[in-house]
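*Asks:* structural data only, the sequence is not supplied:
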């Protein structure tokens, strides 16, 4: 039989034999070639059918790649831009919205108040001010929509005036993923409250009024509240039975926005920084106000450790983070992220003492502050529990493994969207507390740390040693207590006295 490109022959018939594009292979069960009977022995008919199938695959490939590009570009939008994009109904809807805004702007420009129509100069001034405000709002919306459209390669008229949102792409590459995500969320709220404001038009009052409005934001903004607007959330927070965010959280919002604008000045986006000298006054609180978190009791820690040690589940086997995180946090007071990011090479002998390094040197690692980076001797209780054998040979891998319950396999701890390795285990630990009946909202993983502080005080550990061991050392404490560095032998004697149980 005559050879036809894109076919093979079987039993006197032509069969299609063309390569499936990579982007479509999942639809075909991972197959590399599309093979099916063309139901003809005529080479001319077979050639036409090959061209038809090739054209269909090419069209589907173009559509799939276009969809992939759209997904990629959408993912690159800031949070507030994504909200605008979704509310408009996607790219087509946003183009229509931008066009309607253009028509409305032209209408407003043509409708400037006529001086001759007003006898009262005050009324004229009011009408002119209203007109200018409406025009400024519309132009800001047009610029906002236009910038989003340009991100998708759509030609749109956009002024060169920039907003806080425009600082985010450059800011993202200067900070870690978690910080970038947090700042983006605050900017989104700020933009919801004030609208898109040109950087040069920002005032101290904008920041003050936003932070004041945040006083009634609910503390819990997950679940059904996740997609609520800022206005709805603050209205909800005014109800008597809804707990609102603390001063500490509002202070974080305040510092994030000030830091972002300061970055904009340093990067040359603007020369104006009206927020530079602003200060947020901490409200006076009664000393009797109950703390948000409390330490675990010794009995609660024993309950947790006994459960972990006695469980037959793979999740709590002696190589997992589920087993070791509670033990290390109980005897060392490590923060959740500090425990989860430990690597095999973080455990070595120093000055004849088996020690542990808490650091932020590796990828996806972070430390709360410079004093959080430290070497500490490992508590004898952990050595007795078998820690040395578990981390031996782990090298640059996670010191402890993560049991994937559905895949029934072990792996390194997964990294979440904010660049943290502690996210997945943090949720598991919260579930563990619920199963054990420890449902007091004031006890969390950090309660280990509070308990360790109390245990150190009860053991008579000096303030300088306690601060160093828990990563709270300040300059004076370190220099006053240890000079150029903490002695592992002295610290081992200190930590050996601590009993959190």
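*Replies:* Everything's here; your move. These figures come from a predicted structure and were not determined experimentally.

*Asks:* tell me where the model's unsure across the stretch 1-150 of the chain.
*Replies:* For the stretch 1-150 of the chain, the stretches with pLDDT under 70 are 115, 133, 136-137.

*Asks:* now the strands for it?
*Replies:* Using DSSP state E, counting those that start in this stretch, the strands of the stretch 1-150 of the chain run over 7-10, 13-19, 33-37.

*Asks:* now tabulate those strands in JSON lines and tack on distance to residue 378.
*Replies:* In this view, the C-beta of every residue, glycine as well, is placed from N, C-alpha and C. Below are the strands of the stretch 1-150 of the chain laid out as JSON lines (distance: least, CB to CB, whole Å):
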{"stretch": "strand 7-10", "distance to residue 378": "66"}
{"stretch": "strand 13-19", "distance to residue 378": "57"}
{"stretch": "strand 33-37", "distance to residue 378": "57"}
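
*Asks:* residue at max distance from the center of this structure?
*Replies:* In the chain, the greatest distance from the average C-alpha position (CA atoms, centre = their mean) is reached by residue 1, at 61.9 Å.

*Asks:* ok, the residue nearest to it when sequence neighbours are not counted - how many residues close by?
*Replies:* Among residues not flanking residue 1 along the chain, residue 9 sits closest, at 5.1 Å (CB to CB, 6 or more residues apart in numbering). Neighbour count of residue 9, defined by other CB atoms under 10 Å: 16.

*Asks:* let the chain start at 26 from now.
*Replies:* Let's use 26 as the start, then, which means that last one is residue 34.

*Asks:* just checking, residue 34 touches residue 42?
*Replies:* No - with contact defined as CB atoms under 8 Å, residue 34 does not reach residue 42; the gap is 9.7 Å.

*Asks:* who's in contact with residue 191?
*Replies:* Residue 191 sits next to 172, 224, 294 when contact means CB atoms under 8 Å, 6 or more residues apart in numbering.

*Asks:* pLDDT score for the last one?
*Replies:* According to the model's per-residue confidence, residue 294 sits at a pLDDT of 87.

*Asks:* hang on, it in a strand?
*Replies:* No - using DSSP: H, G, I helix; E, B strand; the rest coil, the assignment for residue 294 is coil, not a strand.

*Asks:* ok, now how distant is it from residue 102?
*Replies:* Remark: distance between residue 294 and residue 102 (CB to CB, to the nearest Å) = 19 Å.

*Asks:* surely residue 71 and residue 77 touch.
*Replies:* No - applying CB under 8 Å as the test, residue 71 and residue 77 come out as separate, 10.7 Å apart.

*Asks:* which of those two has more neighbours?
*Replies:* Using other CB under 10 Å as the criterion, residue 71 and residue 77 rank with residue 71 on top: 24 against 12.

*Asks:* so the residue nearest to residue 26 bridges to which residues?
*Replies:* Beta-bridge partners recorded for residue 34 (DSSP bridges): residue 39.

*Asks:* buried sites along stretch 481-490?
*Replies:* The neighbour-count check on stretch 481-490 (16 or more other CB atoms under 10 Å) flags 481, 486, 489, 490 as buried.

*Asks:* ok, back up a step: of the strands of the stretch 26-175 of the chain, flag the one that's most buried.
*Replies:* Across those, the average number of neighbours (mean count of other CB atoms under 10 Å) peaks for strand 38-44, which reaches a mean of 17.
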